[in-house]
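Chemist: Pasted the sequence and its predicted model underneath.
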Amino acid sequence: MKKIEYKIVVIKTKLGFNLEKKSKEFENELNELGQQGWRFCSWVNGGVLFMREIEE
């Protein structure tokens, strides 16, 4: 049976109006989580929910 673990990441919005820079920072954070095996599930009350299969 597959086992799954979950992780909630709180999005930290920095002051400023440079949307392109903020988007790139968020993209980099998502790519780092993806390299660790985390997959996006859903938005959760100010955060992002990820899941990944647990290897035994």
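Modeler: On my side now, so go ahead.

Chemist: Okay, now the unreliable bits of the chain?
Modeler: Low-confidence segments of the chain (pLDDT under 70): 13-16.

Chemist: Can you list the residue ranges for strands in it?
Modeler: Secondary structure of the chain (DSSP state E): strands at 3-10, 39-44, 47-54.

Chemist: Parallel or antiparallel, which strands does the last one pair with?
Modeler: On the basis of DSSP bridges, the sheet neighbours of strand 47-54 come out as strand 3-10 (antiparallel), strand 39-44 (antiparallel).

Chemist: what's the closest of these to F26?
Modeler: Nearest of those to F26, taken as Cβ to Cβ: strand 3-10 at 10.2 Å. Every C-beta, even on glycine, is put in place using the N, C-alpha and C of the backbone.

Chemist: How far off centre is the closest one?
Modeler: 9 Å (Cα atoms, centre = their mean, to the nearest Å).

Chemist: And for it, what's in contact with it?
Modeler: Residues outside strand 3-10 that contact it (Cβ atoms under 8 Å, 6 or more residues apart in numbering): 29, 33, 38, 41, 44, 46-54, 56.

Chemist: which one of the strands of the chain is the most hemmed in?
Modeler: strand 47-54 (a mean of 15; mean count of other Cβ atoms under 10 Å).

Chemist: Export only the CA atoms of that strand, formatted as PDB.
Modeler: Provided in PDB are the C-alpha atoms of strand 47-54 (Å, rounded to 0.1, in the frame of the first residue of the first chain):
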ATOM      1  CA  GLY A  47      -0.500  28.500   2.200                       C
ATOM      2  CA  VAL A  48       0.100  25.900  -0.400                       C
ATOM      3  CA  LEU A  49      -0.500  22.200   0.300                       C
ATOM      4  CA  PHE A  50       2.000  19.600  -1.200                       C
ATOM      5  CA  MET A  51       2.100  15.800  -1.100                       C
ATOM      6  CA  ARG A  52       4.600  13.100  -1.900                       C
ATOM      7  CA  GLU A  53       4.800   9.400  -1.700                       C
ATOM      8  CA  ILE A  54       6.800   8.000   1.200                       C
END
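
Chemist: Can you lay out the strands paired with strand 47-54 as JSON lines showing distance to K24?
Modeler: Shown next, in JSON lines, are these (distance: least, Cβ to Cβ, whole Å):
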{"stretch": "strand 3-10", "distance to K24": "17"}
{"stretch": "strand 39-44", "distance to K24": "17"}
